[in-house]
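In: take this sequence and fold it.
(chains A and B)
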Amino acid sequence: MSPLTEQQAKEYWRRNVSLMVKLMVIWFVVSFGCGILLFDFLNQIQIGGYKLGFWFAQQGSIYTFVVLIFYYARKMAALDIEFGVEEE
Amino acid sequence: MDLQTLSYIFVGATFALYLGIAVWARAGSTKDFYIAGGGVHPVANGMATAADWMSAASFISMAGMISFMGYGGSVFLMGWTGGYVILAMLLAPYLRKYGKFTVPEFIGDRFYSRTARVVAVICLILCSVTYVIGQMKGVGVAFSRFLEVEYATGLFVGMVIVFFYAVLGGMKGITYTQIAQYCVLILAYTIPAIFISLQLTGNPVPQLGLGSTIAGSEVYLLDMLDRIVVDLGFKQYTTDVRLSTLNMFAYTMSLMIGTAGLPHVIIRFFTVPKVKDARSSAGWALVFIAILYTTAPAVGAMARLNLILTIEPEQDEYLVYAERPQWFKNWETTGLLKYEDLNGDGLIQYSADPAVNDMVKIDNDIMVLANPEIAKLPNWVIALVAAGGLAAALSTAAGLLLAIASAISHDLLKGMIAPNITEKQELLASRVAMAFAILGAGYLGLNPPGFAAGTVALAFGLAASSIFPALMMGIFSDRVNKEGAIAGMVAGISVTLFYVFQHKGIMFIPGTSFLGDMQPNWFLGIEPNAFGVVGAIVNFAVAAAVTSVTAAPPASVRELVDHIRIPAGAGTANDH
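Out: Numbers count the residues shown, from 1 in each chain, chains lettered A, B, ... in the order given. Sure, this is the predicted structure:
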């Protein structure tokens, strides 16, 4: 059974969802945004041999995804401890 | 040493390793068999997930597709990695907390319905079987090209190997074999890429090489490639949009949510000890996947450049056909490369214009498999690629077969037909189911149905439109009821199948598309392979509509949803 009161459980879930939403916005912006919708615009910028839009589509979005997952895992581990719901 | 001997040594050594693991990691309980005992370290699970996930399509075909699609190929790169963000945040931790063995089991419990569980089993089997055929084909092709044995013999050897470690060890055997397979396939992928990047740009890191200048010049590699392909009449490599921006958007989204909904990937997250580990393990999986996926665009671009420079060393100076290199001849015999001297001048002209182009066929798959030969790399590198391709195909096949076998033995047999069997009997049943799944997959690999070519893409569409929405609604809503979930799954998968079959023929048999080929009428210009996201939207909409007019779910569902949202008290996965 949940060690949290109903109020606490709601708060824990609210904080989880708000973190999730923030990170999913970044997920959307780097892939669908920079890699597809803003592709032509960003391609005006050149970094080394890469046009920026092309770099996001084939490299940058993937690196960002990795960072997002580890950031989420770390933040959630801290949230679990704050609410005392971490596992033994 | 000649190439064939080296290939035998490399492939033989890796197979001996997989068999050794099979003997060492036998399953003693159903928990071992279904979820490897639930004690797999998150980093190890990440590596196994990466091998599970990266199939013959990722290893052999993807760089080739990027090679010919240029920027348009980005849909695979973003689509097949972005799904892990969804998995890590929206699915894996909660399903791990729930702590059962299979995906249909969660759907059946959350929607308090055996019918929902059966519908989920059908969706799972549909998408896993279509997927596994592609892997079996990959095994047969790799064997026949590199070891020069019959396609059927190659397939049979592959089946025997998988049989050993999957039937003996279940998920436990598969997990440890996949870790070994990951190491083999990633070495096999990156070593040639490093060599080629060094040759072309002087930079050993392919991800940086792709953005560098050609060695000994001031010209950027991508600019040179852009110029050359435009000269040949193709679209500019770095800006070649796949059909339309909306289509690329839909394609990427379909692959992302399809990835997140594939049962053989999801069950890998049931094997870690804690909810916390399920989150970080998705991160590790993506790290291991990203090593290949960020190398692939470099392989694609560099292979295209090397291919063109072989055929056309200087502008408008073409290679004489009689002087073509050995790899060209080898691949001609496989039928994956075809030359026709259209103007009878004995030269190899390569062009986007079909009236001039002598290279009538260049199969996507050649770009990875022949890449080391085109770049004149040593034979041991080429042999390594053979072992890597086999590792990629076998590891994914084993994961898919486990998902199928556990759906049959755990969801159908133990869950419905004979709930009273003992654990020992269930373990035996799961082994028998696995054996039959391997035989079935082998049969389909030998006699691929006409639709085999389009199957991997179809699997993503099916997972995206059926399983993914059901899981999302199960976790994020306590209102959606069984009527809604069942109607949603059926509607989502039907719409997707209908659209794909309409445009590609019923079961992909040409000429049976019932309204005729109507590419100009594609819904919003979305190609069939990118349609999963539309199926998912239909699924969500139908589920919401049906839920709103039928009875609310019982109070126990509310408790279940509250339970999975909080990590404490997960224990390891079990079936009670």
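
In: so how far is stretch B:426-440 from its chain's centroid?
Out: Offset of stretch B:426-440 from its chain centre (CA atoms, centre = their mean, to the nearest Å): 23 Å.

In: now the helices: where do they sit in chain A?
Out: Taking DSSP state H, the helices of chain A run over residues A:6-28, A:39-42, A:52-55, A:61-82.

In: next one: the helix or strand B:Val43 falls within, is it in contact with chain A?
Out: Secondary structure assigned from DSSP states H and E places B:Val43 in helix B:42-53. No. Counting by CB under 8 Å from any CB of the partner chain, chain A is not contacted by helix B:42-53; separation bottoms out at 9.2 Å. In short, each C-beta sits where N, CA and C put it, glycine included.

In: mind giving me the packing neighbours of that helix?
Out: helix B:151-201, helix B:263-266, helix B:275-311, helix B:379-406 (3 or more CB pairs under 8 Å, 6 or more residues apart in numbering or on different chains; DSSP states H and E).

In: out of those helices, the one nearest chain A is which?
Out: helix B:275-311 (3.8 Å; CB to the nearest CB).

In: the inter-axis angle of the closest one versus helix B:379-406?
Out: 140 degrees (axes from the mean of the first three to the mean of the last three CA atoms, to 10 degrees).

In: flag every buried residue along helix B:275-311.
Out: By neighbour count with 16 or more other CB atoms under 10 Å in any protein chain shown, helix B:275-311 contains the buried residues B:275-290, B:292-308, B:310-311.

In: what is the orientation angle of the helix holding B:Val43 with helix B:275-311?
Out: 40 degrees.

In: now the element after helix B:42-53, going C-ward?
Out: That would be, after helix B:42-53 and using DSSP H and E, helix B:56.

In: elements contacting that following helix?
Out: helix B:114-146, helix B:379-406.

In: helix or strand right after it?
Out: Next element after helix B:56 (DSSP H and E): helix B:62-69.

In: contacts for that next one, please.
Out: Helix B:62-69 is contacted from outside by A:58, B:73-74, B:76-77, B:80, B:240, B:242, B:296-297, B:299-301, B:303-304, B:362-368, B:371, using CB atoms under 8 Å, 6 or more residues apart in numbering or on different chains.

In: ok, now with 6 Å
Out: B:Gly73, B:Phe76, B:Ala296, B:Pro297, B:Val299, B:Gly300, B:Ala303, B:Arg304, B:Asn364, B:Asp365, B:Met367, B:Val368 (CB atoms under 6 Å, 6 or more residues apart in numbering or on different chains).

In: what helix or strand is the residue in the stretch 1-150 of chain B that chain A sits nearest to located in?
Out: Nearest residue of the stretch 1-150 of chain B to chain A: B:Ser74, at 3.7 Å (CB to the nearest CB). For B:Ser74, the element it lies in under DSSP H and E is helix B:74-86.

In: buried residues in that helix, which are they?
Out: B:74-86.

In: show me the contacts for residue 42.
Out: Here I'm looking at chain A. By CB under 6 Å, 6+ apart, A:Leu42 lies in contact with A:Cys34, A:Leu52, A:Gly53.

In: actually chain B
Out: B:Val272, B:Asp277, B:Ser280, B:Ser281.

In: just the residues you listed now: which is nearest B:Ala435?
Out: Checking these against B:Ala435 by CB to CB gives B:Val272 as the nearest, at 27.4 Å.

In: that closest one and chain A: what is the separation?
Out: 11 Å (CB to the nearest CB, to the nearest Å).

In: go on, B:Gln207?
Out: 6 Å.

In: what about the chain, any weak spots by pLDDT?
Out: Just so you know, I chose chain A. Low-confidence segments of chain A (pLDDT under 70): A:1-2.

In: I was after chain B.
Out: In chain B, residues with pLDDT under 70: B:448-455, B:504-521, B:569-576.

In: ok, now with 80
Out: Residue ranges of chain B with pLDDT under 80: B:1, B:140-148, B:334-335, B:447-457, B:501-524, B:569-576.

In: how about the secondary structure of B:Ala552?
Out: In terms of secondary structure, B:Ala552 is coil; the call rests on DSSP: H, G, I helix; E, B strand; the rest coil.

In: and it, how many neighbours?
Out: Neighbour count of B:Ala552, defined by other CB atoms under 10 Å in any protein chain shown: 12.

In: for the closest residue to it other than its chain neighbours, phi and psi?
Out: In space, and not counting its chain neighbours, B:Ala552 is closest to B:Asn481: 6.4 Å by CB to CB, 6 or more residues apart in numbering or on different chains. The phi/psi pair for B:Asn481 (degrees, to the nearest 10) reads phi -110, psi -180.

In: contacting residues for B:Asn481?
Out: So B:Asn481 contacts B:Thr547, B:Thr550, B:Pro553 (CB under 6 Å, 6+ apart).

In: and it, how close does it get to B:Thr547?
Out: Using CB to CB, to the nearest Å, B:Asn481 is found at 5 Å from B:Thr547.

In: dump the C-alpha coordinates for stretch B:375-389 into PDB.
Out: The C-alpha coordinates for stretch B:375-389 follow below in PDB (Å, rounded to 0.1, in the frame of the first residue of the first chain):
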ATOM      1  CA  ALA B 375      36.600   1.500 -49.100                       C
ATOM      2  CA  LYS B 376      39.200  -1.200 -49.600                       C
ATOM      3  CA  LEU B 377      39.400  -2.200 -45.900                       C
ATOM      4  CA  PRO B 378      41.200  -5.400 -44.800                       C
ATOM      5  CA  ASN B 379      39.400  -8.700 -45.000                       C
ATOM      6  CA  TRP B 380      39.000  -9.100 -41.200                       C
ATOM      7  CA  VAL B 381      36.900  -6.000 -41.100                       C
ATOM      8  CA  ILE B 382      34.600  -7.400 -43.700                       C
ATOM      9  CA  ALA B 383      34.400 -10.700 -41.800                       C
ATOM     10  CA  LEU B 384      33.500  -8.800 -38.700                       C
ATOM     11  CA  VAL B 385      30.600  -7.100 -40.500                       C
ATOM     12  CA  ALA B 386      29.200 -10.500 -41.300                       C
ATOM     13  CA  ALA B 387      29.300 -11.500 -37.600                       C
ATOM     14  CA  GLY B 388      27.800  -8.100 -36.700                       C
ATOM     15  CA  GLY B 389      24.900  -8.400 -39.100                       C
END
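
In: now what about it, what contacts it?
Out: With CB under 6 Å, 6+ apart as the criterion, stretch B:375-389 contacts B:3, B:6-7, B:10-11, B:14, B:59-60, B:142, B:146, B:184-185, B:188-189, B:191-192, B:195-196, B:306, B:372.

In: again, only using 8 Å
Out: By CB under 8 Å, 6+ apart, stretch B:375-389 touches B:1-3, B:6-7, B:9-11, B:13-14, B:56, B:59-60, B:138, B:142, B:145-147, B:184-189, B:191-192, B:195-196, B:199, B:306, B:368-369, B:371-373.

In: who in the stretch 101-250 of chain B is up against chain A?
Out: B:207, B:210-213, B:220-223, B:238-239, B:241, B:245, B:248-249.

In: how does it look with 10 Å?
Out: B:201, B:207-214, B:219-226, B:237-239, B:241-242, B:245-246, B:248-249 (CB under 10 Å from any CB of the partner chain).

In: filter those residues down to the buried ones.
Out: Buried among those (16+ other CB under 10 Å): B:201, B:207-214, B:220-226, B:237-239, B:241-242, B:248-249.

In: ok so, going back, who wins for neighbours among the contacts of A:Leu42?
Out: Busiest of these [other CB under 10 Å] is A:Gly53, holding 25 neighbours.

In: would you mind confirming that that residue makes contact with B:Thr239?
Out: Yes. At 8.5 Å, A:Gly53 counts as touching B:Thr239 under the criterion of CB atoms under 10 Å.
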